[in-house]
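A.B. asks: pasting the structure only:
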């Protein structure tokens, strides 16, 4: 198994999304101790936005491949994504949606004639599907009965990743991180319990399939 772990918080090791996504990775490694793990920490803005080379390369079917600048970075990021059997994304919610660092990664990997094709019915993903775990941290609450802000992150990620063939997205969240410490600790426990429940159900499913 190959696991690709991507984090997008500027808070690095201190971030809630990093902690939650790392817990997902640890659970995956417990069940697959020989798995290969690739980690990319992209929350510091080190990943550049797309440049002119990439824009010209994507301009038309006849533009060809440039293989330099952003297009070279895109090649590398797409190759990592193609090799991964499981993708784990740790991201904060910024201004109701994804942070610019995650948007930059998406712009590199959602690429015409490389990860999606265009037809009369629109985009068609060229990557095979695989589990994509998304760990989200937000200062406010965006789900459930206590939500007090809209959520554009979840539907956006579902739509944009589906356009390249990734439809199996599973979301876990720590919400209300701007609240008091005891409230944040409760949100962590709720998220951890959701993870435990999910992976326990997977184990039961696999056990049942093996009996069949």
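C.D. replies: The structure has been received and is ready for your questions. All values derive from a computational prediction rather than experimental measurement. Numbering: from 1, shown residues only.
A.B. asks: give me every residue that touches residue 123.
C.D. replies: 116, 117, 163 (CB atoms under 8 Å, 6 or more residues apart in numbering). Every C-beta, even on glycine, is put in place using the N, C-alpha and C of the backbone.
A.B. asks: element containing it?
C.D. replies: Taking DSSP states H and E as the definition, one finds residue 123 inside strand 122-125.
A.B. asks: Would you indicate which residues of stretch 31-41 are buried?
C.D. replies: Going by neighbour count (16 or more other CB atoms under 10 Å), the buried part of stretch 31-41 is 37, 41.
A.B. asks: Do me a favour and get the end-to-end distance for it?
C.D. replies: The straight-line separation of the ends of stretch 31-41 (CA to CA, to the nearest Å) is 24 Å.
A.B. asks: quick one: low-confidence parts of the protein?
C.D. replies: Low-confidence segments of the chain (pLDDT under 70): 60-67, 207-212.
A.B. asks: for it, what spans make up the helices?
C.D. replies: Here the chain has its helices, by DSSP state H, at 16-31, 52-57, 70-83, 100-109, 153-162, 181-211.
A.B. asks: Would you mind putting these into CSV with distance to residue 136 alongside?
C.D. replies: Formatted as CSV, the helices of the chain follow (distance: least, CB to CB, whole Å):
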stretch, distance to residue 136
helix 16-31, 6
helix 52-57, 28
helix 70-83, 19
helix 100-109, 11
helix 153-162, 6
helix 181-211, 9
